[in-house]
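Participant: next input, structure requested:
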Amino acid sequence: MTSQENTVGSLIDRLGGGAVALARLCSIVPFVYLFVYVGGAFLIPKSAGPAWVWLQRGVVSAAILCLLILFLQHPRPESRPAGLTHAMAISFMLALPAIVTSFWPGVFGALVTPLLVLCSALWGKARRD
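Facilitator: The predicted model follows:
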């Protein structure tokens, strides 16, 4: 095993491993890329502007889609790995990178997974009571 593979494995372990790490990365990467997006906007030629905007929109869309798939794989709170509920619940913050590019489907899409997580938690609590 190379040191690079060991570092990536260590990072995934620190993020919670497996689905939890993926959900956390889906929330982190669009924000980190937001800084690249804003900084790069000053450096790219004007003709590449629309492609640059759509690249940020694609990053946000991929994160939202990934979180939705994770929810569909783990719909019940009791079947989720520890930390996954929190990682999916805070994904409403993806609305900010979507707002920066005026990507309104992304703004509304960023609210879907947290609402599904909330509804599943309320449903599970109602079933237990």
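Participant: where in the protein is pLDDT low?
Facilitator: Applying pLDDT under 70 to the chain picks out residues 1-9, 11-12, 14-15, 129.
Participant: tell me the centre residue of it?
Facilitator: In the chain, the residue lying closest to the centroid (C-alpha atoms, centre = their mean) is Cys26, at 2.8 Å.
Participant: give me the nearest residue to it, chain neighbours excluded.
Facilitator: With sequence-adjacent residues excluded and distances taken as C-beta to C-beta, 6 or more residues apart in numbering, Cys26 is closest to Ala63, at 4.1 Å. All C-beta atoms are positioned from the backbone trio N, CA, C, and that covers glycine.
Participant: and if you look at Ala95?
Facilitator: Using C-beta to C-beta, 6+ apart and skipping residues adjacent in sequence, the residue nearest Ala95 is Ala110, 4.2 Å away.
Participant: and if you look at Gly40?
Facilitator: Trp52 (6.5 Å).
Participant: before we move on, which element is that neighbour in?
Facilitator: Counting by DSSP states H and E, the element that carries Trp52 is helix 49-73.
Participant: for the helix or strand following that helix, buried residues please.
Facilitator: Next helix or strand after helix 49-73 toward the C-terminus (DSSP H and E): helix 84-89. Under the neighbour-count criterion of 16 or more other C-beta atoms under 10 Å, helix 84-89 has Leu84, Thr85, Ala87, Met88, Ala89 buried.
Participant: doesn't Leu111 make contact with the fourth one?
Facilitator: No. Met88 sits out of contact with Leu111 when judged by C-beta atoms under 8 Å, with a separation of 12.0 Å.
Participant: list phi and psi for His74.
Facilitator: According to degrees, to the nearest 10, the main-chain angles of His74 amount to phi -130, psi 70.
Participant: residues contacting Ala89?
Facilitator: When contacts are counted by C-beta atoms under 8 Å, 6 or more residues apart in numbering, Ala89 is found next to Pro114, Val117, Leu118.
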